[in-house]
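> Sequence and computational prediction follow.
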Amino acid sequence: MKREELELTARLAQIHLNEEELETLEREVSQMLEYFRMMEEVDISGLEPTTHALLKHTRTREDRIKESDACDHLLESAPELEDRFITIPNVL
């Protein structure tokens, strides 16, 4: 990556970099971009898309309706109620 592009990006992000930081960032970003170029050369035709590199099965579950008394329990522990709503002091 060119030094001018890094300086412009840093300025837009309002990041102040000294000369040493610019040199380090220039070297590291250039190396990262080179790795991306190498990855573009890999033939991935025929590979299925994945959401995680180590995922061996889908982590989805069947949606099921489950009865719960959690709402009633929470309302019982509320300090003050109005109908089935928790009331709080006015903030403003």
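Nice, thanks for sending it over. Numbers count the residues shown, from 1 in each chain.

> how distant is stretch 23-43 from the center of its chain?
Relative to the chain's own centre, stretch 23-43 is displaced by 22 Å; criterion: CA atoms, centre = their mean, to the nearest Å.

> Sort out which residues of that stretch are buried, please.
Using 16 or more other CB atoms under 10 Å as the test for burial, stretch 23-43 gives 25-26. Where you see a C-beta, it was placed from the backbone N, CA and C, and this is true even at glycine.

> just stretch 81-89 next, same as before
Here stretch 81-89 shows no buried residue, counting by 16+ other CB under 10 Å.

> got the contact list for that stretch?
75, 78, 80 (CB atoms under 8 Å, 6 or more residues apart in numbering).

> run the last query once more with 6 Å
The contact list for stretch 81-89, computed with CB atoms under 6 Å, 6 or more residues apart in numbering, reads 78, 80.

> mind checking the end-to-end distance for it?
12 Å (CA to CA, to the nearest Å).

> pull the helix or strand with minimum mean pLDDT from this protein.
Across the helices and strands of the chain, mean confidence by mean pLDDT, DSSP states H and E is lowest for helix 70-76: a mean of 84.
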